[in-house]
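Asker: Sequence plus predicted model, see below.
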Amino acid sequence: TRVVIGGSHGKTTITSMILHVLNYHGREVDYMVGAQLDGFDRMVHLTEENDFIILEGDEYLSSPIDRRPKFHLYKPNIALLSGIAWDHINVFPTFENYVEQFKIFVDSIVKGGSITYNEEDAEVVKVVEASENPIRKLGYSTPEYTIEDGETLLETPEGPMPIEVFGKHNLSNLAGAKWICQNIGIDEDDFYEAIATFKGASKRLEKIAESKTCVAYKDFAHSPSKVAATTKAVKEQYANRKLIAFLELHTYSSFNPEFLKEYKGALDAADVAVVFYIPESVAIKKLDPVSPQQIKDAFKRDDLQILTNAAAFKDLVNKQDYNNSVVLFMSSGNYGGLDLNDFKTLIKQ
């Protein structure tokens, strides 16, 4: 039975949650994931005897010569669709073309199978409801939760339960993972018992340092939807602290003038917002130059600080006031060579 987790965001976390729960309860499954997971020594595991295979369904192209998105090839029996946000402008030049890939994915589900989908994402709902594929359609939404003293408590039938992950997007991911686990045969109580020990997917909201007055996270967030979700999550979790957000623009898409507009409001939840990029990296990608003003216009934030020099960025990081703060580093790059170990030392002084 093929279980495919698709969506422009959340699929790595949801896949990680499902595998964590199954591993916790000793349920053997085959899998293929896009990130190294805690408790697993490999990213691909294939056997001839397991009943289920869990596949992270990437919408990116299969190869340079096979231009089909990977998740069109899997023909799932059970599928999940977490969200649709235009994250691959270099491959899918228009939003309509991007959405079309998800329509094909839903239609590729084996007849009589099921799609578990995020009913809080308007594009996902449109795609799923429009599909005439004879499959079961199972919507999920963010569960009830509260935050007390920087700890997230998930509402369960047994009462509030503390969990290690936080943020509305992660709670939504958890709801989707629960549905899939129940489809595989894990009952609700067993799911909650296992998910309480899940610490998060690799490179996703990873705590890197903490002192009495400051806590710092780094996150792989680089697309507009991920930056917005991560920034909001951290601010909600630490509502009484100053949120300092450092975002490095690094990917091909980030420097496309049309795509830049997608970042509108993405850093609004931060009290201090800094964007860093290296103009030379834009030139290497053979793209037209992007000016700091273009970036400020795209984010629609007048007090946005924009730095284009690695030494100046490091200097800014070192001179911030980190008293009563939460710090968020976001990038798929290396922040111009900034040593985060030095930052850990800095906030503990």
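Answerer: Nice, I can see it.
Asker: how about the helices of the chain, start to end?
Answerer: Remark: helices of the chain, listed N- to C-terminal, are 11-24, 95-107, 122-130, 168-184, 188-195, 224-237, 257-260, 279-284, 292-299, 310-319, 340-347; assignment by DSSP state H.
Asker: Which of those has the lowest mean pLDDT?
Answerer: When the helices of the chain are compared by mean pLDDT, helix 279-284 comes last with a mean of 68.
Asker: one step back: to Ile244, which of the helices of the chain lies closest?
Answerer: helix 310-319 (9.1 Å; CB to CB). For glycine as for every other residue, the C-beta is placed from the backbone atoms N, C-alpha and C.
Asker: re the thing from before, please identify the deepest-packed of the helices of the chain.
Answerer: Across these, averaging neighbours per residue (mean count of other CB atoms under 10 Å) puts helix 11-24 on top, at a mean of 25.
Asker: who does it touch, helix- and strand-wise?
Answerer: The contact analysis (3 or more CB pairs under 8 Å, 6 or more residues apart in numbering; DSSP states H and E) places helix 11-24 against strand 2-6, strand 53-57, helix 168-184, helix 188-195.
Asker: list the helices and strands the third one packs on?
Answerer: On a contact count with 3+ CB pairs under 8 Å, 6+ apart, helix 168-184 meets strand 2-6, helix 11-24, strand 78-81, strand 114-118, strand 136-140, strand 151-156, helix 188-195, helix 224-237.
Asker: Could you pull up the mean pLDDT of the third one?
Answerer: If I follow you right, that is strand 78-81. For strand 78-81, mean pLDDT is 97.
Asker: what does that strand contact?
Answerer: By CB atoms under 8 Å, 6 or more residues apart in numbering, the surrounding residues in contact with strand 78-81 are 1-7, 11, 14, 57, 102, 105-106, 109, 113-118, 124, 127-128, 176, 179-180, 183-184.
Asker: make it 6 Å
Answerer: For strand 78-81, contacts defined as CB atoms under 6 Å, 6 or more residues apart in numbering pick out 3-7, 109, 114-117, 124, 176, 180, 183.
Asker: ok, now the fourth one?
Answerer: If you take CB under 6 Å, 6+ apart as the criterion, strand 114-118 is touched by 78-83, 106, 109, 124, 128, 135-139, 176, 179.
Asker: For that strand, what is the distance to the chain centroid?
Answerer: Distance, stretch centre to chain centre, for strand 114-118: 18 Å (CA atoms, centre = their mean, to the nearest Å).
Asker: Partner strands of that strand and their direction?
Answerer: strand 78-81 (parallel), strand 136-140 (parallel) (DSSP bridges).
Asker: now Asp30, nearest residue through space, not along the chain?
Answerer: The spatially closest residue to Asp30, leaving aside those adjacent along the chain, is Ile53, at 3.9 Å (CB to CB, 6 or more residues apart in numbering).
Asker: can you list the helices of the chain in JSON lines and add distance to Leu267?
Answerer: What follows is the helices of the chain, written out as JSON lines (distance: least, CB to CB, whole Å):
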{"stretch": "helix 11-24", "distance to Leu267": "21"}
{"stretch": "helix 95-107", "distance to Leu267": "22"}
{"stretch": "helix 122-130", "distance to Leu267": "22"}
{"stretch": "helix 168-184", "distance to Leu267": "16"}
{"stretch": "helix 188-195", "distance to Leu267": "30"}
{"stretch": "helix 224-237", "distance to Leu267": "6"}
{"stretch": "helix 257-260", "distance to Leu267": "13"}
{"stretch": "helix 279-284", "distance to Leu267": "20"}
{"stretch": "helix 292-299", "distance to Leu267": "6"}
{"stretch": "helix 310-319", "distance to Leu267": "15"}
{"stretch": "helix 340-347", "distance to Leu267": "19"}
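Asker: Of all those, which one is nearest Arg67?
Answerer: Arg67 lies closest, by CB to CB, to one member of these: helix 95-107, at 11.0 Å.
Asker: Thr13 contacts Lys199, correct?
Answerer: No: look at Thr13 against Lys199 with CB atoms under 6 Å: they stay out of range, at 11.3 Å.
Asker: before we move on, back to that, and of the helices of the chain, who's closest to Glu158?
Answerer: Comparing those by CB to CB, helix 188-195 comes nearest, at 7.3 Å.
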